[in-house]
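In: my questions concern the predicted model and sequence given below.
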Amino acid sequence: MELPDLEYAVLKQLERAAVTNNLAPVEYVKAVIFAPDTFSQANGQVTNTMKLKRHNIRQKYQARLEETYKKLSVVDQDLETVNQTM
């Protein structure tokens, strides 16, 4: 299974769980991002005590994070437009 397919499948499961548990739409998980590589000391993403090196991870995945936030922003704007016309 490719990462985008996996991300979509997980997001759908989270959405079902949110509906089942009567969460408000604002509480829904809007996006998930899976890293293609395991975080390890060898790739500089964790310390020797296995703590995440958030700065290194953010740098490596910055483009993907920005792309995801941009997509979410467009969806939010579309929803605002729909709500205004109702």
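Out: Sure, I can see it. Residues are numbered from 1 along each chain as shown.
In: show me where the protein has helices.
Out: Assigned by DSSP state H, the chain shows helices spanning 3-20, 54-85.
In: can you lay out these as CSV showing mean neighbour count, mean pLDDT and distance to F34?
Out: Quick note: C-beta positions are derived from backbone N, CA and C, even for glycine. Listed next are the helices of the chain as CSV, based on neighbours: other C-beta atoms under 10 Å; pLDDT from 0 to 100; distance: least, C-beta to C-beta, whole Å:
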stretch, mean neighbour count, mean pLDDT, distance to F34
helix 3-20, 12, 93, 5
helix 54-85, 11, 81, 10
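In: so which of those gets nearest G44?
Out: helix 54-85 (5.2 Å; C-beta to C-beta).
In: and the residue nearest to F39 when sequence neighbours are not counted, what pLDDT?
Out: Distances taken as C-beta to C-beta, 6 or more residues apart in numbering put Q45 closest to F39, at 4.0 Å, once the chain neighbours are dropped. As predicted, Q45 sits at a pLDDT of 97.
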